[in-house]
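K.L.:
sharing a model prediction with you, sequence too.
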Amino acid sequence: MSLIVQKYGGTSVGSPDRIDRVADRIAATRGDGHDVVVVVSAMGKTTDDLIALAETVHSDPPKREMDMLLTAGERISMALCAMAVEKRGVEAVSFTGSQAGILTDAAHGSAKIIEITGTRVKEALAEGRVVIVGGMQGVDPARKEVTTMGRGGSDATAVALAAALGADACEIYTDVDGVYTADPRIVSDARKVDEISFEEMLEMTASGSGVLMSRAVEFGRRFNIPIHVRSSFSDTTGTWVKEDSMEQAVISGIAHDRSEAKVTIRSVPDRPGVAAAVFDPLAAAGINLDMIVQNISRDGTTDISFTAPISSIGEAEAISRSTARELGAEGVTVDRGVGKVSVVGAGMKSHPGVAAKVFSTLAEVDINIEMISTSTIRVSCVVDAARVDDAVKALHDAFELGDVPDQGEDQ
């Protein structure tokens, strides 16, 4: 029997009716002769509600207790899903992350999976049961503490389980029917991509595409687990994320991100060791940086700019101001009104001129570029947040990524 891992997001299990629909799909997959492991998120907005509840009793709740609280959401949905599957005559059992043997590091709220033993999962599968696991959670084996993996952690749980159990594929069920060439809420003719490579999907997730968590894609690439992103509300084929994409288009998609802010340290002394002095304290504080730009030196000083998540920008600003004083820099400015637009495609490795086309397209619609970052398959630009939608539309049109109207049969 082949093994299929399925993950259902919060929208997919957001109500009893939707849980019934999920149970029908699980039972049908089992009826087709597959072993099935299911990973579920908390129902609907349960996680947001629990966070808000915690903040009513403590303005800065301890991270350990937050993990204890937030895992309750997945425990509810996994138990209800198991009940619904049992109702359909299919034996099922639910496990928390720790019961499933998901071992993580000690970082509460942002834990990373270090190993999956899966002993009880394998035993249940051998007994012919469907296994339903609470997503986003595990246990730190050194301290026996419950941990959570942060937003999107259920994706990582599902793909990591698929790798540990030797699954044939991992199906990610969500409220969209695949990966699109751009956000359909911005670009009306955005096209669903049938296949995309792990490399391209990693760049898309890092650039703001919220369809998959980047760690889930990393697990898929590392262990070569095909990931099928599809809708839980239809039976249509979604987007396959796999090692080799058949399409290999020059550009696969346009991603955008409004969750970052820009910090600039002005007039930093331009001498060896200064960059390390700026970024070492930020790294020690666990702040993830995205783009970094150092300007040309003038009169022995230079400006250093970087982007970081808005959620960390207060701490990043405080650290940068302290560093600026120590270095004798002129000061620090923070711009929260920026956004990032990225053009991603494996085909650009062998097609020159992509970056030039990005820059000229933005210039034609009078969008100023504040920062630029590139990789072999990505070009990213930081622009005014108010112009992000305009930038996405212009680039999508320029690279002709939209749906081609049906012209009917040739005459």
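P.N.:
Good, I have the coordinates.
K.L.:
could you pull out the helices in the stretch 101-250 of the chain for me?
P.N.:
For the stretch 101-250 of the chain, the helices defined by DSSP state H, counting those that start in this stretch cover 119-126, 153-165, 198-206, 214-223.
K.L.:
include mean pLDDT and distance to Val278 when you put those into a markdown table, please.
P.N.:
Just so you know, the C-beta spots here come from the backbone N, C-alpha and C atoms, and that holds for glycine as well. Formatted as a markdown table, the helices of the stretch 101-250 of the chain follow (pLDDT from 0 to 100; distance: least, CB to CB, whole Å):
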| stretch | mean pLDDT | distance to Val278 |
| --- | --- | --- |
| helix 119-126 | 97 | 46 |
| helix 153-165 | 96 | 31 |
| helix 198-206 | 93 | 22 |
| helix 214-223 | 93 | 25 |
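K.L.:
just send those back as CSV, with mean neighbour count too.
P.N.:
Formatted as CSV, the helices of the stretch 101-250 of the chain follow (neighbours: other CB atoms under 10 Å):
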stretch, mean neighbour count
helix 119-126, 16
helix 153-165, 27
helix 198-206, 24
helix 214-223, 21
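K.L.:
quick one: closest of the ones you listed to Arg21.
P.N.:
The closest of the helices of the stretch 101-250 of the chain to Arg21 is helix 153-165. By CB to CB, the value is 18.0 Å.
K.L.:
ok, and what's touching the closest one?
P.N.:
3, 5-7, 9, 37, 39-41, 74, 97, 100, 102, 113, 116, 118, 121-122, 125, 133, 135-138, 149, 167, 169-170, 172, 212-213, 215-217, 219-220, 222-223, 225, 227 (CB atoms under 8 Å, 6 or more residues apart in numbering).
K.L.:
alpha carbons of that helix, as PDB, please.
P.N.:
Extracted in PDB, the C-alpha atoms of helix 153-165 (Å, rounded to 0.1, in the frame of the first residue of the first chain):
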ATOM      1  CA  GLY A 153       4.300  25.100  11.000                       C
ATOM      2  CA  SER A 154       1.600  22.500  10.100                       C
ATOM      3  CA  ASP A 155       3.000  22.500   6.600                       C
ATOM      4  CA  ALA A 156       6.500  21.700   7.900                       C
ATOM      5  CA  THR A 157       5.000  19.000  10.200                       C
ATOM      6  CA  ALA A 158       3.300  17.300   7.200                       C
ATOM      7  CA  VAL A 159       6.200  17.200   4.800                       C
ATOM      8  CA  ALA A 160       8.600  16.200   7.600                       C
ATOM      9  CA  LEU A 161       6.300  13.300   8.500                       C
ATOM     10  CA  ALA A 162       6.100  12.300   4.900                       C
ATOM     11  CA  ALA A 163       9.900  12.200   4.700                       C
ATOM     12  CA  ALA A 164      10.200  10.300   8.000                       C
ATOM     13  CA  LEU A 165       7.600   7.700   7.000                       C
END
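K.L.:
now do the buried residues in stretch 389-403.
P.N.:
Neighbour counts using 16 or more other CB atoms under 10 Å place Asp389, Asp390, Ala391, Val392, Lys393, Ala394, Leu395, His396, Ala398, Phe399, Leu401 of stretch 389-403 among the buried residues.
K.L.:
ok, and the closest non-adjacent residue to the third one?
P.N.:
On the basis of CB to CB, 6 or more residues apart in numbering, the spatially nearest residue to Ala391 that is not a chain neighbour turns out to be Val341, at 4.4 Å.
K.L.:
the second one too?
P.N.:
Counting by CB to CB, 6+ apart, the nearest residue to Asp390 once its immediate chain neighbours are dropped is Val365, at 5.8 Å.
K.L.:
can you report how many residues neighbour that neighbour?
P.N.:
Here the number of neighbours of Val365 (other CB atoms under 10 Å) works out to 14.
K.L.:
does it really touch Ala391, like I thought?
P.N.:
Yes. Counting by CB atoms under 8 Å, Ala391 is a contact partner of Val365 at 7.4 Å.
K.L.:
identify the contacts common to these two.
P.N.:
By CB under 8 Å, 6+ apart, no residue touches both Val365 and Ala391.
K.L.:
which parts of the longest helix belonging to the chain are buried?
P.N.:
For the chain, the longest helix by residue count, based on DSSP state H, is helix 63-87. Within helix 63-87, the residues that count as buried by 16+ other CB under 10 Å are 66-67, 69-71, 73-75, 77-78, 80-82, 84-86.
K.L.:
then stretch 86-106?
P.N.:
Buried-residue list, stretch 86-106, by 16+ other CB under 10 Å: 86, 88, 90, 92-98, 100-104.
K.L.:
I'd say Asn368 and Asp384 touch.
P.N.:
Yes. Using CB under 8 Å as the test, Asn368 is close enough to Asp384 to be in contact (6.9 Å).
K.L.:
centroid-nearest residue for the chain?
P.N.:
Met213 (2.5 Å; CA atoms, centre = their mean).
K.L.:
if I pick it, what's in contact with it?
P.N.:
Met213 makes contacts with Arg151, Gly152, Gly153, Asp155, Ala156, Thr205, as judged by CB under 8 Å, 6+ apart.
K.L.:
need the max-distance pair from those residues.
P.N.:
Spanning the widest gap among the contacts of Met213 are Gly153 and Thr205, at 13.5 Å by CB to CB.
K.L.:
how many neighbours does the nearest residue to Val179 once chain neighbours are set aside have?
P.N.:
The spatial neighbour of Val179 that comes closest, neighbours along the chain excluded (CB to CB, 6+ apart), is Thr239 at 4.1 Å. Using other CB under 10 Å, Thr239 has 24 neighbouring residues.
K.L.:
after the longest helix of the chain, heading C-terminal, what element do we hit next?
P.N.:
strand 92-95 (DSSP states H and E).
K.L.:
return the distance of that next one from the chain's centre.
P.N.:
26 Å (CA atoms, centre = their mean, to the nearest Å).
K.L.:
residues in contact with the closest residue to Thr205 other than its chain neighbours?
P.N.:
The shortest distance from Thr205 to any residue other than its chain neighbours is 4.2 Å, reached at Ser214 (CB to CB, 6+ apart). By CB under 8 Å, 6+ apart, the residues touching Ser214 are Leu202, Thr205, Ala206.
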